[in-house]
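> mind folding the following:
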Amino acid sequence: MSETNMGRVPVGDPIPLRFDPTTKQRLEELAAGIGPRRFGALVRVAARRLLADPDRVPEALDQACRASADARRIPWAERPLDLDPATSTRLSQLALEFHTDRSAIVRVALHRFLTAAGRFRHPVLREDARTDLTCRTRVYLNRSTLVRLDRLIGRNGDAVTAAAIRVAVRRLLHDPGDLTADLATIGAARDLTPENFGPRTNVHFDDDLRQQLDTLAERLDSDRAELMRLAARQLLANPRDLDQAVTEEIYRGEANRAKLLARNTRRRQTADQATAAPAVRKAPSPQGNPFGKRHVFRLDDDTKRRLEELADEYGPRRMSALLRVAIRHLIGYPHADVDLAQARRVAAPPRTARVDVALDDELLAHLDALADRLGSNRQELVHLAATRILRFRHNIENRMLDEMFRAPNNRKHLLARHARRERIRRRGRGSGT
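All right, here's what the predicted structure looks like:
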């Protein structure tokens, strides 16, 4: 790259990133408002703005982690606990001494019991046989702790969980240890639902930006992905001067800056005009419509046979057009992710039958974009499209004609020719009509 010919700046190797669905959607909408293919540049702008003030990152990262944990908290499991009067009194005194509640002390006691249970079978059985448990209290515990306790106690028969909790409490009252530190960490710990991240997105970073991210992540005991999610949230909270920042990120250098900015302005004006008054799409010739290069896909034998039977109902050599209609229908379907997840749960037969389909560049670009969004690939999506078109055949004949002959002025002539072919084909089968 020379100083007089800037062109596109190579931005290095890709880094896989995952955002929650809401953040990813807002980033895509923001990037689309700036221009085509601006998502990667927008993410790099977010990274540079985060790294521009590294001293504020630790506090912001800590706040983001706390907010995420608060949003993902699982409610406590309420459980009755029967104690003898002496144990109940000592537990209340200990809670008052450490300015906390009984439940926090019980959570610490259970944690210690689960990490170092030792010989617990006979103490638990003796505790279960006691009859002086006259003081009832309610404690609030993590559900995962109760599950682990049930598994541990249930190995030797019935899960006498309440007796095991009392044994854990008695052990803590006998030896409190460093209870202050455990209350601050273990007593306040909560069960959390897993973080919900969407499919992986690859974004190219140059070596310098990658090194800065790695250095900051190492200093904060974090990782690139977590820092980039923080950067994305900060960018969405304060999206200032993004048009110029993204343009500068794509075209770095002063030599062609004025020309590049002018070109970006022309593109935006053209896009606005197209939105205001959509241009009439030029239809290709109905005689031999070019569909691009042929691509090979694999289907199971039954799906291919049913597609051939369906395509044969609408005329000869209709298999490729039928699959293109299926692909376009899948791309326009808003719940493709649901159908894909359902298809993955079903055991699929081996896909050994070869199918050649000619796909134009525009259709391939939409198919690849859908695959990136769903974390899939062309092969899987084409198979999904084929199975969907076999179930949903509404208005399929007109859509196939649109696919093969994209010329509105010739529609009447093409429909008539298609009807003549249908009559000839049916006579050849001996239907007599």
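
> make it CA atoms for all contacts and neighbour counts henceforth
OK.

> so what's the residue count around H174?
8 (other CA atoms under 10 Å).

> now do L149
21.

> distance of it from R130?
Applying CA to CA, to the nearest Å, the value for L149 to R130 is 20 Å.

> R38 too?
Applying CA to CA, the value for R38 to R130 is 70 Å.

> which regions of this protein lie under the pLDDT threshold?
Where the chain drops to pLDDT under 70, the residues are 1-11, 156-159, 252-261, 263-264, 274-291, 315-316, 395, 405-415, 417-418, 428-433.

> do you have the strands of it handy? List them.
Remark: strands assigned in the chain by DSSP state E are 14-17, 77-83, 135-141, 201-204, 294-299, 353-358.

> and the fifth one, what other elements does it pack with?
Using 3 or more CA pairs under 8 Å, 6 or more residues apart in numbering; DSSP states H and E as the contact criterion, the secondary-structure elements in contact with strand 294-299 are strand 353-358, helix 378-391.

> same thing but at 6 Å, please
If you count contacts as 3 or more CA pairs under 6 Å, 6 or more residues apart in numbering; DSSP states H and E, strand 294-299 packs onto strand 353-358.

> which of the residues in the strand it packs on are buried?
V357, A358 (16 or more other CA atoms under 10 Å).

> and the angle from that strand to strand 294-299?
Relative orientation of strand 353-358 and strand 294-299, computed by axes from the mean of the first three to the mean of the last three CA atoms, to 10 degrees: 150 degrees.

> how far does strand 353-358 sit from its chain's centre?
From the chain centre to the centre of strand 353-358 is a distance of 30 Å (CA atoms, centre = their mean, to the nearest Å).

> and it, which strands flank it?
Taking DSSP bridges as the criterion, strand 353-358 forms sheet pairs with strand 294-299 (antiparallel).

> now do the strand it pairs with: everything it contacts.
The contact list for strand 294-299, computed with CA atoms under 6 Å, 6 or more residues apart in numbering, reads R351, T352, A353, R354, V355, D356, V357, A358.

> likewise stretch 384-398?
Outside stretch 384-398, the residues that touch it by CA under 6 Å, 6+ apart are A326, I327, L330.

> domains of the chain?
The chain breaks down by automatic domain parsing into domains covering 14-69+196-276, 77-185, 294-428.

> who's in contact with the residue nearest the centre of the chain?
In the chain, the centroid-proximal residue (CA atoms, centre = their mean) is G198; its distance is 1.1 Å. By CA under 6 Å, 6+ apart, the residues touching G198 are F19, D20, P21.

> for L51, state which of those is nearest.
F19 (18.8 Å; CA to CA).

> please report the distance of the closest one from R26.
For F19 relative to R26 (CA to CA), the value is 11 Å.

> ok, D214 next?
For D214, the distance to R26 - CA to CA - is 26 Å.

> also A116?
48 Å.

> in terms of neighbours, single out the busier of the two.
Between A116 and R26, counted using other CA under 10 Å, R26 has the larger neighbour count: 14 against 10.

> which residue is the nearest non-sequential neighbour of the more buried one?
L236 (7.7 Å; CA to CA, 6 or more residues apart in numbering).

> so what's R170 up against?
Listed by CA under 6 Å, 6+ apart, R170 has no contact partners.

> okay, now A385: neighbour count?
Residues within reach of A385, counting by other CA under 10 Å, total 23.

> do A371 as well
Neighbour count of A371, defined by other CA under 10 Å: 19.

> repeat that for L125.
For L125, the count of nearby residues is 14 (other CA under 10 Å).

> how much space separates the closest residue to it other than its chain neighbours from T134?
Among residues not flanking L125 along the chain, A163 sits closest, at 7.5 Å (CA to CA, 6+ apart). Distance, A163 to T134, by CA to CA: 14 Å.

> so what's the closest residue to G40 other than its chain neighbours bridging to?
Spatial nearest neighbour of G40, excluding adjacent residues (CA to CA, 6+ apart): V203 at 5.3 Å. Note on V203: beta-bridge partners by DSSP bridges are I15.

> L17 is in contact with V203, correct?
No. Using CA atoms under 6 Å as the test, V203 is too far from L17 to be in contact (7.2 Å).

> count of residues packed around A341?
If you count neighbours by other CA under 10 Å, A341 ends up with 11.

> and what of E313?
12.

> quick check: it vs L30, distance?
Distance, E313 to L30, using CA to CA: 45 Å.

> swap in E78?
Counting by CA to CA, the separation of E78 from L30 is 45 Å.

> so which of the two has more stuff around it?
Shown here are E78 and L30; by other CA under 10 Å, L30 has more neighbours (18 against 13).

> what's the nearest residue to P194 if we skip its chain neighbours?
Spatial nearest neighbour of P194, chain neighbours left out: R72 (7.5 Å); criterion: CA to CA, 6+ apart.
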